[in-house]
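**Q** need coordinates for the following:
(one chain, ligands or ions: 1)
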Amino acid sequence: MRKIYNLNIETCTPSVEAVLRGQGIPSWSQPDQRTIQIAQQAISIYKELASPIGIIMEISKEDFTEVYDGDGRNEIESPVKPIFQQAGELAMFAVTIEEEVCSEIKRLFDENDYAIGSMLDAAASEGTEMVAQTLENIYRQHLINIGRFDSRSGVLRFSPGYCGWHISGQRKLFQHLHPEDIGITLNQSFLMQPLKSISGVIILGKKKIFQFEDTFSFCGDCATHTCIERIKMLRDGR
Ligand code: SF4
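**A** Next up is the predicted model:
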């Protein structure tokens, strides 16, 4: 299975709360009206310019081992390898909201319009995460439809550059998946263009294989610790 999805912008648009959170403003802090208006303006620009699209391709465990091992620069201890080795299914993916939003963010910063520029940047980052989550949900539904997913199953996604999977892993991932078919390219530093893109692997397995603690050597440098919330969601069947 290899498929490209043009996704509905309405399902990939972040809320004002999510955008403010992305800016480091928690909901309990009661931001002023002007800040809320800037967030609303950023969301409106995002909705006008973003074009969410994703590609997904299933891959065997044997082939994905070659992708994951990449140039041999991964951390020795990482949650990714033990989990995918116990997986039922694996699918590589890439998503983007395309270049127009990224160009607009750059234009706003170039013109010193930092308030709306940084708010649009936060909206675009949150939106790209939502595109990745939407693609994960589509894959989960596909697995349900073909009888590969039951109440004991879960799916979780990982990306090169996180959780001990070295960023150079992008090279092999791109060689197999070809995200350039949806307009995503890779530069010499393994950064994706457009910048608001996410790639990685979605793993299907029994919920118990996804239990791990955020205590790896590299977790101290992790700004988000999103694994905690994502494992909780998986356990709760959300
Ligand atoms: S804390 Fe961060 S780096 Fe560590 S496993 Fe969780 S998401 Fe990955």
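
**Q** use CA for all of it now, contacts and neighbours both
**A** Fine.

**Q** gap between Asp69 and Gly164?
**A** Relative to Gly164, Asp69 is positioned 11 Å away (CA to CA, to the nearest Å).

**Q** the two - which one has more neighbours?
**A** Per other CA atoms under 10 Å, whichever of Asp69 and Gly164 has more neighbours is Gly164, with 22 against 16.

**Q** need the residues of the protein near the ligand, please.
**A** For the chain, the residues in contact with the ligand (CA under 6 Å from any ligand atom) are 162-163, 214, 218-219, 222, 225-227.

**Q** pull the contacting residues for Leu195.
**A** With contact set as CA atoms under 8 Å, 6 or more residues apart in numbering, Leu195 has these partners: 99, 102.

**Q** doesn't it belong to a helix?
**A** No. The assignment for Leu195, made by DSSP: H, G, I helix; E, B strand; the rest coil, is coil rather than a helix.

**Q** can you pull the phi/psi pair for it?
**A** phi -60, psi -30 (degrees, to the nearest 10).

**Q** now do Val95
**A** The phi and psi values for Val95, taken as degrees, to the nearest 10, are phi -140, psi 160.

**Q** one more: the one 10 residues further on?
**A** Backbone dihedrals for Ile105, given as degrees, to the nearest 10, come out at phi -60, psi -50.

**Q** I'd say it and Ala122 touch.
**A** No. Here Ile105 does not reach Ala122: they are 10.0 Å apart, not a contact under CA atoms under 8 Å.

**Q** what comes into contact with the lowest-mean-pLDDT helix or strand in the chain?
**A** Ranking every helix and strand in the chain by mean pLDDT, DSSP states H and E puts helix 226-235 at the bottom, with a mean of 88. Contact partners of helix 226-235, identified using CA under 8 Å, 6+ apart, comprise 154-156, 207, 210-211, 214.

**Q** rerun that using 6 Å as the cut-off
**A** Gly154 (CA atoms under 6 Å, 6 or more residues apart in numbering).

**Q** how far does it sit from its chain's centre?
**A** 14 Å (CA atoms, centre = their mean, to the nearest Å).

**Q** flag the shaky bits of the protein, pLDDT-wise.
**A** Scanning the chain for pLDDT under 70 picks out nothing.

**Q** in this structure, which helix is the longest?
**A** Using DSSP state H, we find that the single longest helix of the chain is helix 114-145.

**Q** show me which positions of it end up buried.
**A** 116-136, 139-140, 143 (16 or more other CA atoms under 10 Å).

**Q** can you name every helix or strand that it contacts?
**A** helix 16-22, helix 33-49, helix 99-110 (3 or more CA pairs under 6 Å, 6 or more residues apart in numbering; DSSP states H and E).

**Q** in the shortest one, what's buried?
**A** This means helix 16-22. Buried, per 16+ other CA under 10 Å, within helix 16-22: 16, 18-20, 22.

**Q** next: stretch 2-17.
**A** The neighbour-count check on stretch 2-17 (16+ other CA under 10 Å) flags 4, 7, 9, 12-14, 16 as buried.

**Q** before we move on, what about stretch 223-235?
**A** Neighbour-count burial for stretch 223-235, counted by 16+ other CA under 10 Å, picks out 227, 230-231, 234-235.

**Q** where does Ser51 land in three-state SS?
**A** Three-state call for Ser51 (three-state DSSP): coil.

**Q** same check on Ile198?
**A** Under three-state DSSP, Ile198 comes out as strand.
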